[in-house]
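S.K.: Build the 3D model from these lines:
(one chain, ligands or ions: 1)
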Amino acid sequence: METFGARLHRAVTERGPLCVGIDPHPGLLARWGLDDDVRGLERFAGTVVEALGDRVAVVKPQSAFFERFGARGVAILESTIRQLRNCGSLVLLDVKRGDIGSTVAAYASAYLDPSSPLYVDAVTASPYLGVGSLAPMFELAAAHGGGVFVLALTSNPEGAAVQRARAADGRTVAQTVIDEISQLNAGAQPSGSFGLVVGATIGETGHDLSAVNGPLLAPGLGAQGGSASDLRVVFGSSLPAVLPSYSREVLNAGPDLTALRAAADRALADCRAVLAGRD
Ligand SMILES: O=C(O)c1cc(=O)[nH]c(=O)n1[C@@H]1O[C@H](COP(=O)(O)O)[C@@H](O)[C@H]1O
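M.R.: A predicted model of the protein is given here:
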């Protein structure tokens, strides 16, 4: 069985380092001439899949925008996941789950068990009930070639008060998360399956990402003010592991398929230049 780390490495090699989010904000539905209802949601998600599913390495549906419509919205999330898989992109479901371990086990089976209707390649998870509480997710992911992206230093300004607080040993809380995920990835080739989320907006913070040996998801680009060149400041020598992630910046170009593809191509070109040290 190929690990998620290996599958992601292959996808990025073939398609380039880019993740595009499917975030059907009400304002975006309106901008695309769609109603803020289940049919609008279905058209929106279907258009993104058609435009980008066969060219972007990772697509990240934001579960909240599907859950907003109840069971019918979740049914569209299910079919969007299936369609993405058929197009060959990896699906990272943005659900930011976190809970006591026994409940995390249920979340794990919802998203990381291949027999689940919502089975995806990877999920986002929150470690703020303790990284150890996410163990059932790590175990199920490892058993089935899945991945987990754990929040470390988020892109929103409110995150710093919690994430940069100091633990008893002097490390920041985020550094303790980074170090625990690094241990899970130790020795994995070509890369571990457990990623971290580090926002492109946070500037230089002095956190040590050098031992992570796993993917670094970088949201906050575009709509939240982060730019490709900020990646160099935030990630320094860890740039090769960065997976830049855009939602509204690319989605604003829709619903025209050609314009969506051009926006994704532009985002990829901007990031490639920085990741390759050319910019
Ligand atoms: O886990 C995430 O993807 C995430 C983490 C983070 O620190 N900041 C962040 O914005 N995100 C998600 O990334 C997406 C950002 O969307 P845009 O600001 O439109 O690019 C949203 O779906 C957020 O929920």
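
S.K.: Which secondary structure elements does the host helix or strand of residue 264 sit against?
M.R.: Element membership for residue 264, per DSSP states H and E: helix 257-275. Helix 257-275 sits against helix 38-52, helix 228-235, strand 242-246, helix 248-251, with contacts defined as 3 or more CB pairs under 8 Å, 6 or more residues apart in numbering; DSSP states H and E. From N, CA and C alone the C-beta is placed, and that goes for glycine too.

S.K.: Say whether the ligand is contacted by stretch 73-89.
M.R.: No - Stretch 73-89 does not reach the ligand (CB under 6 Å from any ligand atom); its nearest approach is 13.5 Å.

S.K.: Buried ones in that stretch, by neighbour count?
M.R.: 73, 76-77, 80-81, 83-85, 87, 89 (16 or more other CB atoms under 10 Å).

S.K.: Helices - which of the residues you listed land there?
M.R.: In helices, defined here by DSSP state H, the members of these are 73, 76-77, 80-81, 83-85, 87.

S.K.: Please tabulate those in a markdown table, including the columns distance to residue 57.
M.R.: Putting those into a markdown table (distance: CB to CB, whole Å) gives the following:
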| residue | distance to residue 57 |
| --- | --- |
| 73 | 26 |
| 76 | 23 |
| 77 | 20 |
| 80 | 17 |
| 81 | 16 |
| 83 | 16 |
| 84 | 11 |
| 85 | 13 |
| 87 | 12 |
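
S.K.: and the closest residue to residue 263 other than its chain neighbours, what does it touch?
M.R.: Of all residues not flanking residue 263 in the chain, residue 253 sits nearest, at 3.7 Å (CB to CB, 6 or more residues apart in numbering). Going by CB atoms under 8 Å, 6 or more residues apart in numbering, residue 253 touches 259-260, 262-263.

S.K.: Apply 10 Å and report the result again.
M.R.: Applying CB atoms under 10 Å, 6 or more residues apart in numbering to residue 253 gives the contacts 51, 259-264, 266-267.

S.K.: repeat for residue 4
M.R.: Counted by CB under 10 Å, 6+ apart, residue 4 has contacts 90, 92, 112, 121-122, 141-142, 144-148, 188, 191-195, 214-215.

S.K.: any idea how far residue 147 is from it?
M.R.: Distance of residue 4 to residue 147, given as CB to CB, to the nearest Å: 3 Å.

S.K.: any shared contact partners between those two?
M.R.: 90, 92, 112, 121-122, 141, 192-195, 214-215.

S.K.: Those residues in strands, which ones?
M.R.: 90, 92, 122, 194-195 (DSSP state E).

S.K.: Could you pick out the buried ones from those residues?
M.R.: Taking 16+ other CB under 10 Å as the criterion, what is buried in these is 90, 92, 122, 194-195.
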